[in-house]
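> got a predicted structure plus its sequence, pasted below:
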Amino acid sequence: MRRTVVAGLFFLALIGAWQAMTMSGRWSAVLLPSPIDVGLYLREAIADGSLVEATAVTMRRLLLGYAIGLAIGLPLGLLCSTSTFAEDTIGVLSLGLQTLPSVCWIPLALLWFGQTEGAMLFIVVMGTVWSAIIATDTGARTISPSFARAARTMGSEGIHKWTRVILPASLPFLIGGMKQGWAFAWRSLMAAEIFVSILTGFGLGHLLHYGRELNAMDQVIGIMFVIVTIGLLADKLLFAPWERFMHRRWGTGVPPA
Amino acid sequence: MPFAETGALAIRDVSKRFRTRTNTVHALDSVSLTVRPGEFICLVGPSGCGKSTLLDIVAGLTKPDTGTVTADGEPIAGPGRHRLVMFQDSALFPWLTVLGNVLFGLKLVPGLDRAQRHDIAMEYLRLVGLADFARSNIHELSGGMRQRTAFARALAPDPKVLLMDEPLSALDALTREQLYADIQRICAERRKTVMLVTHNVREAVCLGDRVVLMSPRPGRIREEFTIDLPRPRDVNAPEVAEYASRIMAALRTFMEPAL
């Protein structure tokens, strides 16, 4: 409760400072709209449905692409952790492509898929999949060999071993990798939406892009605000439960005394 | 017949070498040992005598280069839930609760439903005195409680043979003595065949029906001692100390002299 109050006061102070800066009159309202203007834009955009629709379009792309990326990345990561051949091929490829910002895929994605949902999904998948492979691979390689030995003596083999021992044992690494994959996917999708107009749906990136075109900085800042909020919510809803579970079970995450 | 006479082990001429980058370690050289059903065997010897390797081979985790091992006449082809292992570091799964750990092996036993599994797991947790900690996380347990949980986890699927790889060596003396009493009581009640690896001679005398002394380079069985003392035994009893000093004397004959 106390922490919520502290956080609330901090953000109120930030908004207050921003408001004071706009009221000082040193910057034109075109360059620096006031928090009130941004709030008015957000209310209007929610009322006319454009913001809700754009958020839905973006979230659909993101969640679908992220899910595909994980569905490909988890098994490939496990494969890399068991097979030297996979490690030397897929593993090295993942390491290489992970360093490539997935925005760099936009030109190719447009050529291959055209201005379609496919191109958007492709870019999100490229942002997710390499992180997922590397995290799963590292996690599965780092678990204590005695877990695997104990599981073997109790008759855990094959799928059971992978799903009940290897994956849960690598949870501390997996969570980190999943968060990184999510962050990469989120960033690349925003870049793609800002750069590329897709006729099948206007996402948040498009709204931000048109805000710039129309010199509507209240819109730009409003959309930025929405993007940040979604990022925070995703962390709280998607990852925080797993992190809480991990800290409770492993006894980690205790703040230093 | 209250107890099935199963859990016999026959180890015949087992040899095992490990090749490392720099040299070859002759871990076991033509080792033979017969274990009767329900017998408590302790393997003792200095580091490198191959006692843990022998345990791994009986568990099915390591294959011997030559020789055969059979359990109740059946050759050991791999790990199986009739031979469960207690490890030195407990090897409990941190992502599961105490109860979850004990249930892990039970879920792999065919023919048990959910309620039966739960009852069996709780029964064994009561047996090791941890029923109140069923919902605890592993990191919340002391070292002794972890090994008790590991004991319950190894006992719950009702294996014929229990293999213990120095399960008590990381514990403090008081906890260890408490566990000596528990292990004796439970193993006598459930009549398991037990093979325990230790480098603590008194522990071996306190727990074992027979103590098998091994020597290193190459790993061989040197001598066997039948411990003819009534149970339960106290590790501090003078009779235990007497046996232990005889075994220590035999051990010194092949230990490298101290500098």
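Sure thing, it's come through. Numbering: from 1, shown residues only, chains lettered A, B, ... in the order given.
> B:Gln88 against B:Leu163, yeah?
No. Counting by Cβ atoms under 8 Å, B:Gln88 stays clear of B:Leu163, with 11.9 Å between them. Every residue, glycine included, has its C-beta placed from N, CA and C.
> out of those two, which sits in the more crowded spot?
Neighbour comparison, B:Gln88 and B:Leu163: the larger count goes to B:Leu163, with 26 against 17 (by other Cβ atoms under 10 Å in any protein chain shown).
> so is the more buried one in a helix, a strand, or just coil?
Secondary structure, DSSP: H, G, I helix; E, B strand; the rest coil: B:Leu163 is strand.
> next up, the contacts around the residue in the stretch 51-200 of chain B that chain A sits nearest to.
In the stretch 51-200 of chain B, no residue comes nearer to chain A than B:His139, which is 3.0 Å away by Cβ to the nearest Cβ. Neighbouring residues of B:His139 by Cβ atoms under 8 Å, 6 or more residues apart in numbering or on different chains: A:Arg249, A:Trp250, A:Gly251, B:Pro94.
> at 7 Å instead, please
B:His139 sits next to A:Trp250, A:Gly251, B:Pro94 when contact means Cβ atoms under 7 Å, 6 or more residues apart in numbering or on different chains.
> restricted to helices, list the residues you listed.
Applying DSSP state H to the contacts of B:His139, the entries found in helices are A:Trp250.
> which one of the contacts of B:His139 sits in the busiest neighbourhood?
Counting neighbours by other Cβ under 10 Å, the top entry in the contacts of B:His139 is B:Pro94, with 19 neighbours.
> kindly report the residues of chain A close to chain B.
A:146-147, A:149-150, A:152-156, A:168-169, A:171, A:248-251 (Cβ under 7 Å from any Cβ of the partner chain).
> so which of those comes closest to A:Trp105?
A:Leu171 (29.5 Å; Cβ to Cβ).
> nearest spatial neighbour of that closest one, skipping sequence neighbours?
Of all residues not flanking A:Leu171 in the chain, A:Met246 sits nearest, at 5.4 Å (Cβ to Cβ, 6 or more residues apart in numbering or on different chains).
> for the stretch 151-259 of chain B, which spans come out with low pLDDT?
Judged by pLDDT under 70, the stretch 151-259 of chain B has its weakly predicted residues at B:256-259.
> what does it have sitting close to chain A?
Residues of the stretch 151-259 of chain B lying near chain A (Cβ under 7 Å from any Cβ): B:Pro157.
> now stretch B:106-117: mean pLDDT?
Average pLDDT, stretch B:106-117: 94.
> ignore what I typed, I meant stretch A:47-57.
pLDDT averaged over stretch A:47-57 gives 93.
> most centrally placed residue in the chain?
Unless you meant another one, I'm taking chain A. In chain A, the residue lying closest to the centroid (Cα atoms, centre = their mean) is A:Trp182, at 2.7 Å.
> nope, chain B please
B:Met164 (1.9 Å).
> you'd agree that one is up against B:Met86?
Yes. Counting by Cβ atoms under 7 Å, B:Met164 does reach B:Met86; the two are 4.5 Å apart.
> circling back to that earlier point, residue contacts, the residue nearest to A:Leu171?
A:Met246 touches A:Leu171, A:Pro172, A:Ile175, A:Thr252, counting by Cβ under 7 Å, 6+ apart.
> pull out the buried positions in the strand or helix carrying B:Glu223.
Using DSSP states H and E, B:Glu223 maps to strand B:220-226. By neighbour count on 16 or more other Cβ atoms under 10 Å in any protein chain shown, the buried set for strand B:220-226 is B:Arg220, B:Ile221, B:Phe225.
> TSV for the residues you listed, including distance to A:Thr22?
Output for those, formatted as TSV (distance: Cβ to Cβ, whole Å):
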residue	distance to A:Thr22
B:Arg220	87
B:Ile221	87
B:Phe225	90
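> quick one: low-confidence parts of chain A?
Using pLDDT under 70, chain A drops low at A:255-257.
> would you map the helices across it?
Remark: helices assigned in chain A by DSSP H are A:2-23, A:35-47, A:50-82, A:84-86, A:92-98, A:106-113, A:117-142, A:145-153, A:158-161, A:167-169, A:171-195, A:204-213, A:217-234, A:240-250.
> how close does A:Ala67 get to B:Thr6?
50 Å (Cβ to Cβ, to the nearest Å).
> could you do A:Ala56 as well?
Relative to B:Thr6, A:Ala56 is positioned 64 Å away (Cβ to Cβ).
> likewise for A:Ile227?
66 Å.
> more neighbours: these two, which one.
Set A:Ile227 next to B:Thr6 and count neighbours by other Cβ under 10 Å: A:Ile227 wins out with 18 against 15.
> now do that one against A:Leu31, distance only.
Going from A:Ile227 to A:Leu31 by Cβ to Cβ gives 20 Å.
> what does A:Arg60 give?
Relative to A:Leu31, and taking Cβ to Cβ, A:Arg60 is found at 34 Å.
> these two: which is more packed in?
A:Arg60 (15 against 10).
> which ones are touching that one?
Residues counted as contacts of A:Arg60 (Cβ under 7 Å, 6+ apart): none.
> and the pLDDT for B:Met1?
On the pLDDT scale, B:Met1 gets 38.
> looking at it, B:Glu166 is touching B:Asp89, isn't it?
No. Contact between B:Glu166 and B:Asp89 fails when scored by Cβ under 7 Å: they sit 9.5 Å apart.
> so what's A:Val57 closest to, chain neighbours aside?
Leaving aside its sequence neighbours, A:Val57 sits nearest to A:Gly201 (Cβ to Cβ, 6+ apart; 3.8 Å).
> no no, B:Arg220
Nearest non-adjacent residue to B:Arg220 (Cβ to Cβ, 6+ apart): B:Asp29, at 5.3 Å.
> quick one: secondary structure of the one you found?
strand.
> mind checking pLDDT for it?
92.
> measure how buried it is and give me the count.
Residues near B:Asp29, counting by other Cβ under 10 Å, number 17.
> mind checking the end-to-end distance for stretch A:234-245?
Distance across stretch A:234-245, first residue to last, is 17 Å (Cα to Cα, to the nearest Å).
> do stretch B:79-97 as well
One end of stretch B:79-97 sits 24 Å from the other (Cα to Cα).
> for A:Ala183, see how far away A:Leu108 is.
22 Å.
> show me which of the two is the more surrounded one.
Shown here are A:Leu108 and A:Ala183; by other Cβ under 10 Å, A:Ala183 has more neighbours (16 against 13).
> show me where the stretch 101-250 of chain B has strands.
For the stretch 101-250 of chain B, strands defined by DSSP state E, counting those that start in this stretch occupy the ranges B:161-165, B:193-198, B:210-215, B:220-226.
> and the last one with strand B:210-215, angle?
It refers to strand B:220-226. If you take axes from the mean of the first three to the mean of the last three Cα atoms, to 10 degrees, strand B:220-226 sits at 160 degrees to strand B:210-215.
> also the second one?
Inter-element angle recorded for strand B:193-198 and strand B:210-215: 40 degrees (by the same axes, to 10 degrees).
> strand B:193-198 packs against which elements?
strand B:40-44, helix B:51-59, strand B:161-165 (3 or more Cβ pairs under 7 Å, 6 or more residues apart in numbering or on different chains; DSSP states H and E).
> of the ones you listed, which is nearest B:Arg21?
Here helix B:51-59 is closest among those (Cβ to Cβ), at 18.8 Å.
> list the contacts of the closest one.
So helix B:51-59 is contacted by A:153, B:9, B:14, B:16, B:27-28, B:31, B:43, B:45, B:62, B:64, B:69, B:76, B:79, B:83, B:85, B:163, B:165, B:195, B:197, B:214, B:219 (Cβ under 7 Å, 6+ apart).
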